[in-house]
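Asks: Any chance you could fold what I've pasted below:
(one chain, ligands or ions: 1)
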Amino acid sequence: MKVLFFLLLLKGFFLYPLYAHEKEKHKIEKKSEEIKEKVESFSMPSFKEAIFEHLHNKLIHFPIALCFLSFLFLIISFKYPEFEKSARITLLISAFFTIPVYFSGENQIKNFEKDVNKWLAETHEQLGIFTIISIWLWLFVSNIKGMKKIALFIGILTVILISITAFYGGILAH
Ligand code: HEM
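Replies: Sure thing, here's the model as predicted:
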């Protein structure tokens with residue numbers, strides 16, 4: 001009985017790596033089958049589809065980048081006041097981009113209505129609305145003389161808000 005038990009133990013000891021290897025091999029084979037299927041079923045979307053599909057994800061890069069650029073110009077303008085105009089212009093363009101960004105976002109959020117991460121989409125939406133309001137407020141204050149320090153304060157808030165919103169958006173999209 002003891003000998004039988006010992007033999008069984010030995011068998012398990014020597015054969016386990018073999019079983020584990022087989023399992024891993026099977027996993028890799030399944031994965032490559034999936035990739036092969038994906039490659040074979042892929043077809044190029046039409047030009048219109050490629051441009052307008054997930055419009056929010058495409059447009060959002062502009063206000064984010066312009067907002068950061070405007071903030072950079074604003075900081076520089078404390079030493080070189082000639083940068084003030086660049087800060088205002090980049091912020092104005094960023095603010096205009098928030099209009100299509102808002103509507104495209106509202107259009108895409110419908111896809112998450114029955115999703116498990118609906119709460120994430122709603123959190124992102126609320127943060128997005130606050131961010132958009134903050135950008136427009138920053139623009140408004142930037143155009144009032146003698147309020148540069150308040151503009152800087154709202155600018156800092158906006159840059160923080162936009163970063164958090166974009167972070168949530170990234171998680172939502174991927
Ligand atoms: C300034 C405000 C906003 C910022 C900075 C922002 C940022 C982002 C970013 C970075 C993504 C991921 C894009 C990607 O990785 O391709 C995203 C996705 C998304 N955003 Fe926004 N967003 C804003 C406002 C909004 C608003 C107001 C809504 C309205 C509901 C919204 C709805 C969505 C949705 C539904 C997605 C997922 C899109 C998908 O993958 O299907 N966003 N957002």
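Asks: Please enumerate the helices of the chain.
Replies: For the chain, the helices defined by DSSP state H cover 2-41, 47-52, 55-59, 61-77, 84-108, 118-142, 148-173.
Asks: can you put the ones you listed in JSON lines and add mean pLDDT, distance to the ligand and mean neighbour count?
Replies: Bear in mind the C-beta positions are built from the backbone N, C-alpha and C, glycine included. Formatted as JSON lines, the helices of the chain follow (pLDDT from 0 to 100; distance: least, CB to the nearest ligand atom, whole Å; neighbours: other CB atoms under 10 Å):
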{"stretch": "helix 2-41", "mean pLDDT": "77", "distance to the ligand": "19", "mean neighbour count": "9"}
{"stretch": "helix 47-52", "mean pLDDT": "89", "distance to the ligand": "13", "mean neighbour count": "10"}
{"stretch": "helix 55-59", "mean pLDDT": "97", "distance to the ligand": "3", "mean neighbour count": "17"}
{"stretch": "helix 61-77", "mean pLDDT": "98", "distance to the ligand": "5", "mean neighbour count": "19"}
{"stretch": "helix 84-108", "mean pLDDT": "98", "distance to the ligand": "3", "mean neighbour count": "18"}
{"stretch": "helix 118-142", "mean pLDDT": "97", "distance to the ligand": "3", "mean neighbour count": "18"}
{"stretch": "helix 148-173", "mean pLDDT": "97", "distance to the ligand": "2", "mean neighbour count": "17"}
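Asks: Can you give the domain ranges for this structure?
Replies: Following automatic domain parsing, the chain resolves into domains at 2-41, 47-173.
Asks: Span of the last one from start to end?
Replies: One end of domain 47-173 to the other measures 22 Å (CA to CA, to the nearest Å).
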